[in-house]
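Novice: Sequence first, then the predicted structure, then my questions.
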Amino acid sequence: MCLKEKMKVVMVEPGQYARITELEDTLEAKQRAVGGLITCAYPWEENVCIIANDEGLINGMPLNRYVEDYQVLAGPFFVCGLTKDDFCGLTDEQAERYRKVFEKPELFLWFKDHILPVPYDDPHLPDVPKEVSARIRQRGGFPDLCFVVLPGTSALIMIQYGENGYLSVGPQPGYGRGQVCADALNEKMGVSKAQVSAMLYASILDWNTTITPAQFDKNGNPRPPKQKKPQSKKQEER
């Protein structure tokens with residue numbers, strides 16, 4: 001049964017994790033949620049829809065998520081339910097299912113004449129699932145992916161944790177070139193320079209190596225090995 005006062009929706013914002021929330025079931029509340037005039041999309045056979053900003057792409061709003069078998073949406077949007085002639089809230093099951101569909105924020109790369117959506121995790125964001133932070137801790141602080149300038153060249157590459165090799169992605173519009181572009185993309189995902197250096201070393205050597213981001217400073221340079229404290233004369237006598 002759909003309630004008119006409030007409606008349960010999945011809110012999806014650029015650069016953020018999707019979250020389940022409630023909105024007032026009014027036109028004004030829907031417009032506030034998406035930041036302007038609304039438009040509806042119906043990419044699924046189920047009685048649910050996407051409500052997005054009607055001028056998101058035209059107004060240059062940040063790209064948000066790629067909707068499979070539909071298109072890339074710009075600006076915030078939300079998923080809600082449908083009756084025969086109106087919008088309504090999602091059921092608990094629907095809300096959790098569509099939260100998972102749009103759970104991760106996505107980075108959009110220009111790759112081989114088309115836009116490539118790249119989902120990523122950032123443990124610094126609000127509403128981050130607990131398992132994300134736990135997974136990154138378990139693997140020694142390595143992120144899901146990072147961007148690096150291939151040593152000895154000016155080529156921009158993407159390294160994914162645990163994967164052999166790399167993806168050559170090329171220059172990205174709006175991000176500059178070379179190291180400037182790599183730094184901007186990594187910052188957007190919350191990836192530190194220490195993590196980038198560790199990813200590069202591990203991808204060249206072995207993902208099972210003992211190298212971790214903690215071995216690099218904030219500028220991505222290797223930290224000097226810790227010096228053992230000299231023993232006192234009494235300790236030496238023992």
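Specialist: Looks like it arrived, so ask away. Just so it is clear, the structure is predicted and the values come from calculations on it, not from any experiment.
Novice: hang on, Gln94 is in a strand, isn't it?
Specialist: No. Under DSSP: H, G, I helix; E, B strand; the rest coil, Gln94 sits outside any strand and is assigned helix.
Novice: Let me know the pLDDT of it.
Specialist: Model confidence at Gln94, given as pLDDT, is 97.
Novice: hang on, Tyr201 packs against Pro213?
Specialist: No. With contacts counted by Cβ atoms under 8 Å, Tyr201 stays clear of Pro213, the gap being 10.0 Å. For the C-beta atoms, the positions are set from N, CA and C on the backbone; glycine is no exception.
Novice: Just give the number of residues close to the residue nearest to Met189 when sequence neighbours are not counted.
Specialist: Nearest residue to Met189, sequence neighbours excluded (Cβ to Cβ, 6 or more residues apart in numbering): Tyr120, at 5.0 Å. Using other Cβ atoms under 10 Å, Tyr120 is surrounded by 19 other residues.
Novice: Ok, Gly15 next?
Specialist: The local packing of Gly15 (other Cβ under 10 Å) involves 16 other residues.
Novice: Contacts only, for it.
Specialist: Neighbouring residues of Gly15 by Cβ atoms under 8 Å, 6 or more residues apart in numbering: Pro62, Pro105, Leu125, Lys188.
Novice: Tell me the secondary structure at Pro14.
Specialist: Put simply, Pro14 is coil when judged by three-state DSSP.
Novice: Enumerate every residue touching it.
Specialist: If a contact means Cβ under 8 Å, 6+ apart, then Pro14 has Met61, Pro62, Leu63, Asn64, Ala74, Gly75, Pro76, Pro105 as its contacts.
Novice: Over to Gln179?
Specialist: Residues counted as contacts of Gln179 (Cβ under 8 Å, 6+ apart) are Val149.
Novice: you'd agree it is in a helix?
Specialist: Yes. Judged by three-state DSSP, Gln179 forms part of a helix.
Novice: now the closest residue to Pro123 other than its chain neighbours, what's its secondary structure?
Specialist: Nearest residue to Pro123 in three dimensions, chain neighbours excluded: Ser133, at 4.5 Å (Cβ to Cβ, 6+ apart). Of the three states, Ser133 takes helix according to three-state DSSP.
Novice: what about Ser133, how many neighbours?
Specialist: If we define neighbours as other Cβ under 10 Å, then Ser133 has 13 of them.
Novice: Where do the helices of the chain begin and end?
Specialist: Applying DSSP state H to the chain gives helices spanning 27-34, 92-101, 130-138, 178-188, 193-204, 233-237.
Novice: So, low pLDDT: which residues of the protein?
Specialist: 1-4, 227-238 (pLDDT under 70).
Novice: all strands for it, in order.
Specialist: Here the chain has its strands, by DSSP state E, at 6-12, 19-24, 38-41, 48-53, 63-66, 72-74, 77-82, 87-88, 106-111, 114-119, 145-149, 156-160, 167-168.
Novice: Can you give the contact residues for the first one?
Specialist: Okay, so that is strand 6-12. Contact with strand 6-12 is made by 18-25, 33, 64-65, 76-81, 87-92, 95, 98-99, 102, as judged by Cβ under 8 Å, 6+ apart.
Novice: Each with direction, which strands does it pair with?
Specialist: If you go by DSSP bridges, strand 6-12 pairs up with strand 19-24 (antiparallel), strand 77-82 (antiparallel).
Novice: distance between it and the chain's centre?
Specialist: The chain centre lies 20 Å from the centre of strand 6-12; the measure is Cα atoms, centre = their mean, to the nearest Å.
Novice: buried ones in it?
Specialist: For strand 6-12, burial by neighbour count (16 or more other Cβ atoms under 10 Å) applies to Met7, Lys8, Val9, Val10, Met11, Val12.
Novice: again with the third one
Specialist: For strand 38-41, a neighbour-count test (16+ other Cβ under 10 Å) marks Ile38 as buried.
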